[in-house]
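Undergrad: here you go, sequence then predicted model.
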Amino acid sequence: MTFRITHRPLVLLLALALPCVAGAADYTVQPSGSTLGFSSSFQGSGFDGHFDKWTAAISYDQAKLAASKFDVTVDLSSAKTGDSDRDGALPGPDFFNVAKFPQAHFVTTAFRQQGAQVIADGTLTLHGVTKPVSLNVTFKPQGSGATLDVTGTVKRLDFGVGGGQYADTSVIGADVKVTAHLVLSAK
């Protein structure tokens, strides 16, 4: 008795599986309406700030989290809080030290579903230090685009930001909340 092996079932199986391994949708960030902000406290009073210059490469599909990716680069010299003293100090050697470390960089390593919430795990490089950071992600499709809201908390001293005489967390808060609202259009 001879058995004949045919490749048709294998080809059909691969053809059906390809849509499952396809990449996530790529998006372009629309500067109008998109923001990258932060908030913390100084002497017990909260303050908000934002970055004027940053870029983000976004590839995202909630049904294909394994294929999704965020890659964000921030020009740290563009930090603004509305307070001239604080805005003058942030780029200096006591805080961001933009002469030595001009950019921050966040890139995802994985996404995970935690109940209804999507979490983006990644690495943040800031002030010459790279550490893991997790961010909450809210993605809302709208027509051919979407909005993407991201929130998370960074421990500034973990990255050496505001160390030395500025390490007192009763004066400058230890936690910095990071927020982003991105208006996206499909590529």
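TA: Structure's in. What do you need?
Undergrad: now the strands: where do they sit in the protein?
TA: Taking DSSP state E, the strands of the chain run over residues 25-42, 45-51, 54-60, 69-75, 79-80, 103-114, 117-126, 129-142, 145-155, 175-186.
Undergrad: could you dump those strands to CSV with mean pLDDT?
TA: Formatted as CSV, the strands of the chain follow (pLDDT from 0 to 100):
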stretch, mean pLDDT
strand 25-42, 97
strand 45-51, 97
strand 54-60, 97
strand 69-75, 98
strand 79-80, 98
strand 103-114, 98
strand 117-126, 98
strand 129-142, 97
strand 145-155, 97
strand 175-186, 98
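Undergrad: what's the closest of these to Asp168?
TA: Comparing the strands of the chain against Asp168 with C-beta to C-beta, the closest turns out to be strand 25-42 (11.0 Å). Every residue, glycine included, has its C-beta placed from N, CA and C.
Undergrad: can you count the residues close to Val72?
TA: 22 (other C-beta atoms under 10 Å).
Undergrad: any idea how far Ser32 lies from Asn97?
TA: Using C-beta to C-beta, to the nearest Å, Ser32 is found at 31 Å from Asn97.
Undergrad: among the two, which residue is more densely surrounded?
TA: More crowded of Ser32 and Asn97, by other C-beta under 10 Å: Asn97, with 17 against 5.
Undergrad: list phi and psi for the more buried one.
TA: Torsion angles at Asn97 (phi, psi; degrees, to the nearest 10) stand at phi 50, psi 60.
Undergrad: for the nearest residue to it once chain neighbours are set aside, give me its contacts.
TA: In space, not counting the residues next to it along the chain, Asn97 is nearest to His127; the distance is 6.4 Å by C-beta to C-beta, 6 or more residues apart in numbering. His127 makes contact with 96-97, 101, 159-161, according to C-beta atoms under 8 Å, 6 or more residues apart in numbering.
Undergrad: let's see it at 6 Å
TA: 101, 159-161 (C-beta atoms under 6 Å, 6 or more residues apart in numbering).
Undergrad: who wins on neighbours among those?
TA: Highest neighbour count within the contacts of His127: Val161, with 24 neighbours (other C-beta under 10 Å).
Undergrad: re earlier: between the strands of the chain, which gets nearest to Pro91?
TA: Closest among those, using C-beta to C-beta: strand 79-80, at 7.1 Å.
Undergrad: partner strands of that closest one and their direction?
TA: Sheet pairing of strand 79-80 (DSSP bridges) gives strand 45-51 (antiparallel).
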